[in-house]
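# Sequence first, predicted model second:
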Amino acid sequence: RGHTHNYTLYMTHNNNSNNNSKHDPREWDWLPEDALKETNGETQYIRLNISCSNLNRLDILSKSDPIVICYLKEGKGNWKEIGRTECIKNSHNPVFQTAIENVAYNFHSKQSIKFWVYDVDQMNQFDSKKIESKQKLGKMRCSLGKLLGSIGGTFSGPLKNSKSERGGGTIHIQCTEIGSKNNFVKLEISASKLDKKDFLGKSDPYLKFHRINEDGTTTLVHTTEIIMENLDPVWKTQVISLGKLCSNHLDRPFLLECFDWDQHKKHDLIGITTVSIEQIQSGETILPLIHPKKKKKKKNYINSGSVSFNSLEIIEIPSFLDYIMSQTEIEMIVGIDYTSSNGDPTSSLSLHHFKTKPPNEYITAIRLIGDVCAAYDQDGLIPAFGFGASLMDGNVSHCFPINFNEDDPYCKGIAGVLESYSQSFTQLRLSGPTHIAPLIKKVCSLAEKRKDGTKYFVLLIITDGTINDMGATVEAIRGACALPISILIVGVGGADFSNMRLLDDDRNKLRFKRDIVQFLRFRSYANSTLEQMAKDTLAEIPKQLVSYMLQNKIQPSEVAQIKTSLPPSPDSILLQSP
């Protein structure tokens with residue numbers, strides 16, 4: 001009995017799973033959904049602190065008076081101003097005190113951000129309509145993901161100024177995630193000598209945890225499983241958000257209720273108690289459960305049993321952004337289906353036909369998913385493979401680089417992938433069958449070398465129908481579950497995708513150790529909602545990335561230490577050179 005404070009990653013397999021569970025628990029299933037808030041449709045918010053260096057001089061007799069205005073664009077939407085700094089007088093190296101607050105961030109969306117630096121001498125700094133073009137010192141535009149993926153969330157980039165040969169100086173942006181720590185309390189709880197509430201049997205107890213609000217009202221935040229026929233129950237491990245339980249105030253009491261479950265009538269209250277996390281930490285671990293009405297009616301009433309806090313740990317669950325801002329890169333890998341069921345590429349009916357407007361479904365899917373993922377890959381190189389084609393030697397290959405360079409399957413960005421894709425048809429013939437296990441195994445071989453958290457691989461497989469190696473594919477995915485990999489499958493065309501839906505195994509019938517496969521059908525989305533398809537396809541990536549890190553006890557700080565000790569790659573130096 002006692003308490004511990006654990007501010008490092010904690011991972012365990014929960015052997016006391018709920019017998020009523022409809023699927024087999026994965027190793028990280030003890031983690032509550034709200035520990036991974038990025039995947040629950042919740043927007044995260046970022047603070048941007050800005051400074052500049054070596055700004056241009058526009059005023060003849062004095063230095064410039066800079067201000068920075070920030071704009072954000074979602075997908076193909078319009079630019080919207082989201083904030084501006086104060087104006088700093090007479091400075092070419094300003095450090096702005098006013099930050100750009102509450103910048104809404106969503107991993108699964110393409111978000112572009114731009115910064116304009118103006119000289120606001122003799123103008124109303126709060127009226128952007130009065131800013132004339134001659135007062136622009138420079139601008140910088142990139143994706144929000146690129147800012148967050150910079151070392152420690154600190155980005156520096158050149159300000160472009162078409163009127164100056166030396167450019168407009170440099171802008172420096174520090175990104176900080178806004179919000180309270182992602183803290184949880186992990187409790188081992190039991191009870192003893194509970195009141196017997198059922199005439200023909202023992203009680204079926206469960207617990208309810210309520211936050212006590214400042215106005216005295218209560219809010220239910222957590223419920224345990226039911227233990228059948230037991231007056232001395234031991235519940236499975238409970239993990240509860242401290243923010244929900246006590247607003248992150250360890251000295252604030254919460255209400256605990258113990259009920260007897262009943263199938264046919266209202267559940268009976270056994271007893272209640274109030275306690276704070278701080279009290280439990282100080283040794284107050286066994287508490288009486290009091291039934292208010294019984295206490296009022298019976299003179300000799302003592303209690304209706306007791307509840308025991310057998311262990312308590314406070315744990316901090318790192319967020320997706322903790323890893324991204326500590327230099328975990330996301331490497332996208334593309335897999336393209338070259339089986340004959342796609343149709344002759346020279347035919348306008350083919351799924352691989354290039355002279356179509358809008359572009360064919362393969363091109364569209366690569367662009368939509370790639371535009372998001374590419375922002376988190378520092379060297380900008382994307383390996384791309386094909387499967388199901390007969391190559392120049394006459395043999396059918398189920399995993400080949402679409403640039404036909406076995407030693408270097410990497411393409412330069414999404415544009416490079418699409419260029420290699422368009423040129424590939426001169427060196428192959430569509431064939432079959434459809435086998436994707438070799439491609440998954442290829443990605444596993446790449447991920448095997450980067451299990452330290454510095455890279456997370458996202459395999460995008462685009463295919464037009466059913467697969468012919470289901471057994472081998474399931475085994476390949478089982479192997480991938482132990483590696484930093486997520487698999488996105490986009491079905492194009494109108495074929496049968498029942499096998500693909502089986503692989504997206506949310507109920508874990510296939511007994512995967514991690515949920516790493518996401519399937520979506522392209523034609524389920526109208527053209528007007530294709531960006532929504534990209535959002536839905538990528539929605540589970542943050543949770544899958546964090547679950548891998550938790551399962552392998554990798555902390556964001558460890559990733560940062562590894563990245564800072566590594567020399568820059570030759571490819572990244574080459575791509576950054578003018």
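Yep, that arrived.
# The nearest residue to residue 227 once chain neighbours are set aside: what's it in contact with?
Leaving aside its chain neighbours, residue 227 sits nearest to residue 233 (3.7 Å; criterion: C-beta to C-beta, 6 or more residues apart in numbering). Just so you know, the C-beta spots here come from the backbone N, C-alpha and C atoms, and that holds for glycine as well. Taking C-beta atoms under 8 Å, 6 or more residues apart in numbering, we find residue 233 in contact with 190-191, 194, 205, 227.
# which regions of the stretch 101-250 of the chain sit below the pLDDT cut-off?
By pLDDT under 70, the low-scoring segments of the stretch 101-250 of the chain are 121-134, 164-167, 179-181, 198-199.
# Which stretches in it count as strands?
Assigned by DSSP state E, counting those that start in this stretch, the strands in the stretch 101-250 of the chain fall at 111-119, 136-143, 154-158, 170-178, 183-192, 205-212, 218-223, 238-241.
# Just put those strands in TSV and tack on mean neighbour count and distance to residue 452.
As requested, these are arranged in TSV below (neighbours: other C-beta atoms under 10 Å; distance: least, C-beta to C-beta, whole Å):
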stretch	mean neighbour count	distance to residue 452
strand 111-119	22	28
strand 136-143	20	25
strand 154-158	15	22
strand 170-178	18	23
strand 183-192	20	25
strand 205-212	21	37
strand 218-223	15	34
strand 238-241	20	26
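# For residue 262, which of these is the nearest?
strand 205-212 (11.2 Å; C-beta to C-beta).
# would you put the C-alpha positions of the closest one in CSV?
Listed next in CSV are the C-alpha coordinates belonging to strand 205-212 (Å, rounded to 0.1, in the frame of the first residue of the first chain):
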residue,chain,number,x,y,z
PRO,A,205,-20.7,-3.8,-7.1
TYR,A,206,-19.2,-1.1,-9.4
LEU,A,207,-17.8,2.4,-8.7
LYS,A,208,-18.6,5.9,-10.1
PHE,A,209,-16.2,8.7,-9.9
HIS,A,210,-17.6,12.3,-9.9
ARG,A,211,-15.8,15.7,-10.1
ILE,A,212,-17.0,18.1,-7.5
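# Would you quantify the distance from residue 398 to residue 442?
Residue 398 sits 10 Å away from residue 442, going by C-beta to C-beta, to the nearest Å.
# what do the two both touch?
Any residue near both residue 398 and residue 442 by C-beta under 8 Å, 6+ apart counts here, and not one turns up.
# tell me the mean pLDDT over stretch 539-549?
Stretch 539-549 carries an average pLDDT of 89.
# now that stretch, how far from the chain's geometric center?
Centre-to-centre, stretch 539-549 and its host chain are 5 Å apart (C-alpha atoms, centre = their mean, to the nearest Å).
# so where's this protein shaky on pLDDT?
Across the chain, residues meeting the criterion (pLDDT under 70) sit at 1-42, 58-61, 121-134, 164-167, 179-181, 198-199, 505-508, 526-528, 563-578.
# now the helices for it?
Ranges of helices in the chain, per DSSP state H, are 144-148, 242-246, 277-281, 292-297, 320-324, 361-373, 413-423, 437-447, 470-480, 498-503, 530-538, 541-551, 556-565, 570-576.
# Measure how buried residue 50 is and give me the count.
23 (other C-beta atoms under 10 Å).
# How about the contacts made by it?
So residue 50 contacts 68, 70, 85, 96, 99-100, 115, 171-174 (C-beta under 8 Å, 6+ apart).
# For these, please prepare a markdown table with the additional fields distance to residue 409.
Below are the contacts of residue 50 laid out as a markdown table (distance: C-beta to C-beta, whole Å):
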| residue | distance to residue 409 |
| --- | --- |
| 68 | 41 |
| 70 | 38 |
| 85 | 44 |
| 96 | 44 |
| 99 | 42 |
| 100 | 39 |
| 115 | 36 |
| 171 | 35 |
| 172 | 36 |
| 173 | 34 |
| 174 | 36 |
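# Closest one of those to residue 419?
residue 115 (30.9 Å).
# Distance check, the closest one against residue 80.
Distance from residue 115 to residue 80, by C-beta to C-beta: 14 Å.
# Can you pull the residues that touch both of the two?
residue 71.
# residues near the residue nearest to residue 480 when sequence neighbours are not counted, how many?
Closest residue to residue 480 apart from its sequence neighbours, by C-beta to C-beta, 6+ apart: residue 444 at 5.4 Å. Residue 444 has 18 neighbouring residues, counting by other C-beta under 10 Å.
# how much space between residue 444 and residue 423?
For residue 444 relative to residue 423 (C-beta to C-beta), the value is 28 Å.
# hang on, the earlier thing: verify the contact between the residue nearest to residue 480 and residue 484 for me.
No. If you go by C-beta atoms under 8 Å, residue 444 and residue 484 don't touch, sitting 10.2 Å apart.
# For residue 183, name its beta-bridge partners.
residue 316 (DSSP bridges).
# Looks like it contacts residue 318 (just checking).
No. Using C-beta under 8 Å, residue 183 is not in contact with residue 318; the gap is 11.2 Å.
# so what sits against both of these two?
Between them, residue 183 and residue 318 share no contacting residue, judged by C-beta under 8 Å, 6+ apart.
# Which residues does stretch 395-406 contact?
Outside stretch 395-406, the residues touching it (C-beta under 8 Å, 6+ apart) are 334, 336, 383-391, 408-409, 411, 417, 420-421, 424, 427, 431-432, 435-439, 441-442.
# cool, stretch 270-277 as well?
The contact list for stretch 270-277, computed with C-beta under 8 Å, 6+ apart, reads 185, 194-195, 197, 203, 205, 212, 242, 245-246, 250-260, 284, 287-292, 303-305, 307, 312, 314.
# Could you measure from residue 473 over to residue 188?
Residue 473 is 40 Å from residue 188, by C-beta to C-beta.
# one step back: turn the strands of the stretch 101-250 of the chain into a markdown table, columns for distance to residue 323.
What follows is the strands of the stretch 101-250 of the chain, written out as a markdown table (distance: least, C-beta to C-beta, whole Å):
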| stretch | distance to residue 323 |
| --- | --- |
| strand 111-119 | 18 |
| strand 136-143 | 18 |
| strand 154-158 | 16 |
| strand 170-178 | 11 |
| strand 183-192 | 17 |
| strand 205-212 | 29 |
| strand 218-223 | 27 |
| strand 238-241 | 20 |
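# closest to residue 280 out of these?
Closest to residue 280 of the strands of the stretch 101-250 of the chain, according to C-beta to C-beta: strand 183-192, at 8.4 Å.
# any idea of the angle that closest one forms with strand 205-212?
Inter-element angle recorded for strand 183-192 and strand 205-212: 140 degrees (by axes from the mean of the first three to the mean of the last three C-alpha atoms, to 10 degrees).
# contacting residues around strand 183-192?
10, 32, 35, 205, 207, 224, 231-235, 237-243, 245, 248, 258, 277, 289, 305-317.
# Show me just the buried residues among those residues.
Buried residues within the contacts of strand 183-192, counting neighbours by 16 or more other C-beta atoms under 10 Å: 10, 35, 205, 207, 224, 231, 233, 235, 238-243, 245, 258, 277, 289, 305-307, 309, 312-317.
# ok, residue 356 - how many residues close by?
Residue 356 has 14 neighbours, counted by other C-beta under 10 Å.
# Leaving out the residues flanking it, which one is nearest to it?
In space, residue 356 is closest to residue 348, 6.9 Å off (C-beta to C-beta, 6+ apart).
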